[in-house]
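Novice: Everything below, folded, please.
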Amino acid sequence: MTIARRVTGSAEQRPPRAASAGMDDGFLMEVCVDSVESAVNAERGGAGRIELCAGLVEGGTTPSMGLLQVVKQCVRVPVFVMIRPRGGDFLYSDREVEVMKADIRLAKLHGADGLVFGALTEDGRIDTELCTALLAVCRPLPVTFHRAFDMVHDPLVALETLISLGFERVLTSGCDSSALEGLSLIKRLAEQAKGRIVVVPGGGITERNLQRILEGSTASEFHCSARSARDSGMKFRSPLITGFPDRNPNVAMGASFSAPEYSIKVADVAKVRTLNAIAKNIL
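Specialist: Numbers count the residues shown, from 1 in each chain. Reported below is the predicted structural model:
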C-alpha cells in the first residue's frame, strides 16, 4: 500500500509523531511493502513512509522482526509495521491478542516508527476494549487503523469511535471494492473528520485514477502498493525430474490462489515516482 500527504497552511490537531520525508514537496507517500527490495525501491521512488507487511496476498500480515531489522538498516524514511496475526476476519481470540501485543513490543524494540492494526467485534463494530489495550502497548508511537474499517457496520459511527480512541489515521477504500468506487464515502468521512483524524484513501489506487481520487476526496494522504511483477532468477524450472516421470507439474508452495513461484512482485521505482509526480501536480 502507498500513502501520500498534502500539507496545508493550517496545522492538524493531531500531527504524526514520526517525522516524514516528502513533506517539503507537499505530500507524504506511504508504500506498502513485503520485502527489503520493495522498501528500498519505494524510498528511491520518493516514498516518505513505508508500511511493512508480510502476506500481501492476504491483505497484509505481521512481518518478521528480521525483515524489520534489515529494512530499518536500508532505508531512512519512517517504517510503520502491520500488526495482524493472520489473514481473514478481524475478530481475534485471546491468544491472538497476546500474539499481537508481543509483536507490538518486538516491533518497537526493533525500531518501528509507527504501528498499523484493526479489530472488530462480532457485530461489525470497532472493538473499543481491544483497541484501547493495543494502543496502550503501541504508545508513544503513532497508530493507523487499517482497512478492517471497510468491514464495519456503520462507517460514520466507527470514525467517531476511532477519533475518541486516539488513532492518528484510518485507511479505507470507502467500504467498497476500491478507493475509486468508494470515493463519495471517503469524501464524506474526510469532511466529518475535520482534521481530527487523517482519512487515507487506499485500495486499487494507480497512476490512472490517483488524480481523480485525490481531487474527489479532498484527502491529504493516499495509500497504494505500486508493484510490478519481475521474473525470478531461477534457471532450473523443469517440472520433470529424471526417474520421476509422473511428477505433478502444478506443484506450488502455497494454496491455489498463491503467487507463482517464478514471478516476484516488488515495489516499482518508476510507478512510485509517477504517483509522486501526479500528487505534486495536483497542488
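Novice: Next one: the spatially closest residue to Met234 that is not a sequence neighbour relative to Ala190, how far apart?
Specialist: Leaving aside its chain neighbours, Met234 sits nearest to Tyr262 (6.0 Å; criterion: C-beta to C-beta, 6 or more residues apart in numbering). Placement of C-beta: from N, CA and C, glycine included. When distance is defined by C-beta to C-beta, to the nearest Å, Tyr262 is 42 Å away from Ala190.
Novice: Between these two, point out the one with more neighbours.
Specialist: Applying other C-beta atoms under 10 Å to Tyr262 and Ala190 shows that Ala190 carries more neighbours, namely 21 against 10.
Novice: Distance of the more buried one relative to Arg76?
Specialist: In terms of C-beta to C-beta, Ala190 sits 30 Å off from Arg76.
Novice: and what of Ala229?
Specialist: 27 Å.
Novice: Comparing the two, which residue is more hemmed in?
Specialist: Legend: neighbour count by other C-beta under 10 Å for Ala229 and Arg76, higher for Ala229 (12 against 8).
Novice: Make sure the more buried one is actually in contact with Ser263.
Specialist: Yes - using C-beta atoms under 8 Å, Ala229 is in contact with Ser263, at 4.9 Å.
Novice: so where do the strands sit in the protein?
Specialist: Under the criterion DSSP state E, strands of the chain are mapped to 29-33, 49-52, 79-82, 114-117, 143-145, 169-172, 198-201, 222-224, 227-231, 263-267.
Novice: Pull up the pairing partners for the second one, direction included.
Specialist: So that's strand 49-52. Strand 49-52 has its sheet partners listed here by DSSP bridges as strand 29-33 (parallel), strand 79-82 (parallel).
Novice: before we move on, what about the last one?
Specialist: Each strand pairing with strand 263-267, determined using DSSP bridges, is listed with its direction: strand 227-231 (antiparallel).
Novice: Chain neighbours aside, what residue packs nearest to Gly166?
Specialist: The shortest distance from Gly166 to any non-neighbouring residue, by C-beta to C-beta, 6+ apart, is to Leu135 (6.2 Å).
Novice: Can you give me the neighbour number for the one you found?
Specialist: Leu135 has 18 neighbours, counted by other C-beta under 10 Å.
Novice: how near is it to Thr144?
Specialist: Distance from Leu135 to Thr144, by C-beta to C-beta: 11 Å.
Novice: Leu56 now?
Specialist: For Leu56, the distance to Thr144 - C-beta to C-beta - is 16 Å.
Novice: Looking at these two, which one has more neighbours?
Specialist: The residue with more neighbours, out of Leu56 and Thr144, is Thr144; 28 against 19, by other C-beta under 10 Å.
Novice: give the contact list for that one.
Specialist: Thr144 is in contact with 51, 80, 114-116, 167-171, 200, counting by C-beta atoms under 8 Å, 6 or more residues apart in numbering.
Novice: One more: Arg95?
Specialist: Contacts of Arg95 (C-beta under 8 Å, 6+ apart): none.
Novice: Just to check, the residue nearest to Met234 is in contact with Ser232?
Specialist: Yes - using C-beta under 8 Å, Tyr262 is in contact with Ser232, at 4.1 Å.
Novice: what's the single longest helix in this structure?
Specialist: Longest among the helix segments of the chain by residue count, using DSSP state H, is helix 94-109.
Novice: Give the rounded mean pLDDT of that one.
Specialist: For helix 94-109, mean pLDDT rounds to 98.
Novice: and that helix, how far out from the chain's middle?
Specialist: Between the centre of helix 94-109 and the centre of its chain there are 18 Å (C-alpha atoms, centre = their mean, to the nearest Å).
Novice: No further questions, thank you.
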